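Novice: build me a model from this:
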Amino acid sequence: MTGVGASLPADPSDAARTNQVDAGAACGYASLYDRTIDSVVAIRTGDGLGSGFAYRVADDGSAFFVTNAHVVGEASNVQVQFAREESRMGTVVGNDTFSDLAVVRVDDTPDYVDPLPVADEPPQHGEKVAAVGNPFGLEGTITHGIVSGTNRSMPTTLGFTIPDVVQTDAPINPGNSGGPLLSCDGTVIGVNTAGITASEAENIGFSVSASAVRTVVPELIDDGEFEHTFLGIGTARATPQLLEANGFDATGGVYVHEVYADAPANGTLQGTTETVLVDGEQVPVGGDLIVAIDGQSVGSNEALASYLFTETRPGDEVTLTVLRDGDQQNVTVTLGERPSPEDADRS
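Specialist: Sure, this is the predicted structure:
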């Protein structure tokens, strides 16, 4: 048993990691599997099967396991099955719909279960990875691939998007949900949550990022919930047509299409006032273009959403740099708490 363990030893330098990726260094998947499989579990509810991994193990034998919120659903207790054909009942101590993360506590955890380290830096495009879990109930399965993309926005069936998601071509199927996406050294770089099964899609899977795990999971353990911040705007993509129609001297940013009533941004940010026809397409004009938050540039909706998710809390005051009526100016907004999922399409 180890004590509290969910931190990663110092990462290699960016240059070293780049050299490893560029060199196509071999990933020892057999040894990776052997080192990590005892820390990966199957999580069963009355509605189905998912996966999870050990995040923290205490000296008293209790342990916390990370999985997806959609795996545990509304359950208060779940069955946790370990790699060596042992099982325990676990208690769901917290879940967060907006990040699709949940935590299960298990008492009297087998002594061969150790926590997996969680990365403190984002992975690189092309980095080799492995997904470990229980696809279609096939327990103890490992699949492999690379990191295809980072900082993606993943749409959900509830109508909102999860920011800062890792895209991979490692096969992720039903039952993999909640299991770890691992780097070659056994570090968790994501929590597998979905694969696209559309006929036109091929090898596109998504994992909730390690930064989301490090942000959300400790609060789920301590408080049972995680409070997301709320700016209170509806946005539109800053396409070249939109930028030109609004006279913005910029190549990207977040266009404010709507400011919601009674939202923190109401009275501070400005939304669309009309639409104009550009190349046969109606384009919104009159809204602000957010180009930075707290001095950090934001070139896309994904960048703004990731910053709000990982760097802010309700009650924080943020400084937004916006382009408005041909001028650049800074405005401040005190963030609120994000509404329930029914209104979750708002930022």
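Novice: from here on, just use CA atoms for contacts and neighbour counts.
Specialist: OK.
Novice: so what strands line up beside the helix or strand harbouring residue 66?
Specialist: Assigned by DSSP states H and E, residue 66 falls within strand 63-67. Here strand 63-67 is paired, per DSSP bridges, with strand 48-57 (antiparallel), strand 101-106 (antiparallel).
Novice: what mean pLDDT does that strand have?
Specialist: Confidence for strand 63-67, expressed as mean pLDDT, is 98.
Novice: may I have it as PDB, with CA atoms only?
Specialist: Once side chains and other backbone atoms are set aside, the C-alpha atoms of strand 63-67 remain, and they are given as PDB (Å, rounded to 0.1, in the frame of the first residue of the first chain):
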ATOM      1  CA  ALA A  63      -9.200   3.900  -1.700                       C
ATOM      2  CA  PHE A  64     -10.800   6.400  -4.100                       C
ATOM      3  CA  PHE A  65     -11.400   5.400  -7.700                       C
ATOM      4  CA  VAL A  66     -12.100   7.700 -10.600                       C
ATOM      5  CA  THR A  67     -14.700   6.900 -13.200                       C
END
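Novice: and that strand, how far out from the chain's middle?
Specialist: When C-alpha coordinates are averaged (C-alpha atoms, centre = their mean, to the nearest Å), strand 63-67 and its chain have centres 17 Å apart.
Novice: list of residues touching it?
Specialist: 50-57, 101-107, 109, 177-179, 191, 217, 221 (C-alpha atoms under 8 Å, 6 or more residues apart in numbering).
Novice: related to what we said a few turns ago, could the strands paired with strand 63-67 be laid out in a markdown table, adding mean pLDDT, distance to residue 279 and mean neighbour count?
Specialist: Below are the strands paired with strand 63-67 laid out as a markdown table (pLDDT from 0 to 100; distance: least, C-alpha to C-alpha, whole Å; neighbours: other C-alpha atoms under 10 Å):
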| stretch | mean pLDDT | distance to residue 279 | mean neighbour count |
| --- | --- | --- | --- |
| strand 48-57 | 96 | 48 | 26 |
| strand 101-106 | 98 | 43 | 27 |
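Novice: next, format those as a markdown table and append distance to residue 292.
Specialist: Below are these laid out as a markdown table (distance: least, C-alpha to C-alpha, whole Å):
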| stretch | distance to residue 292 |
| --- | --- |
| strand 48-57 | 34 |
| strand 101-106 | 28 |
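Novice: looking at those, which is nearest to residue 275?
Specialist: Evaluated with C-alpha to C-alpha, the strands paired with strand 63-67 place strand 101-106 nearest to residue 275, the distance being 39.0 Å.
Novice: contacting residues around the closest one?
Specialist: 62-70, 72, 80, 88-96, 178, 213, 216-217, 220-221.
Novice: 7 Å instead?
Specialist: Applying C-alpha atoms under 7 Å, 6 or more residues apart in numbering, the external contacts of strand 101-106 come out as 62-69, 88-96, 220-221.
Novice: contacting residues for residue 310?
Specialist: Counting by C-alpha under 7 Å, 6+ apart, residue 310 touches 212, 215.
Novice: now do the one 3 residues further on
Specialist: Under the criterion of C-alpha under 7 Å, 6+ apart, the contact partners of residue 313 comprise 228-229.
Novice: next up, phi/psi of the residue lying closest to residue 100 once chain neighbours are set aside, please.
Specialist: Closest residue to residue 100 apart from its sequence neighbours, by C-alpha to C-alpha, 6 or more residues apart in numbering: residue 69 at 4.6 Å. Main-chain torsions, residue 69, degrees, to the nearest 10: phi -60, psi -30.
Novice: do you know how far residue 69 is from residue 161?
Specialist: Distance of residue 69 to residue 161, computed by C-alpha to C-alpha, to the nearest Å: 14 Å.
Novice: what of residue 232?
Specialist: 15 Å.
Novice: same question for residue 85.
Specialist: Following C-alpha to C-alpha, the distance that separates residue 85 from residue 161 is 36 Å.
Novice: of those two, which one has the most company?
Specialist: Applying other C-alpha atoms under 10 Å to residue 85 and residue 161 shows that residue 161 carries more neighbours, namely 21 against 6.
Novice: number of nearby residues for the nearest residue to the more buried one once chain neighbours are set aside?
Specialist: Nearest residue to residue 161, sequence neighbours excluded (C-alpha to C-alpha, 6+ apart): residue 155, at 4.2 Å. When neighbours are defined as other C-alpha under 10 Å, residue 155 has 12 of them.
Novice: can you pull the pLDDT of residue 155?
Specialist: We have a pLDDT of 80 for residue 155.
Novice: follow-up on the earlier one: show me the one of the strands paired with strand 63-67 that comes nearest residue 137.
Specialist: For residue 137, the closest of these is strand 48-57, at 6.8 Å, according to C-alpha to C-alpha.
Novice: and the gap between residue 105 and residue 256?
Specialist: For residue 105, the distance to residue 256 - C-alpha to C-alpha - is 42 Å.
Novice: residue 85 now?
Specialist: From residue 85 to residue 256 the distance is 53 Å (C-alpha to C-alpha).
Novice: which of the three states applies to the residue lying closest to residue 98 once chain neighbours are set aside?
Specialist: Leaving out its chain neighbours, the residue that sits closest to residue 98 by C-alpha to C-alpha, 6+ apart is residue 162, at 6.5 Å. Three-state call for residue 162 (DSSP: H, G, I helix; E, B strand; the rest coil): strand.
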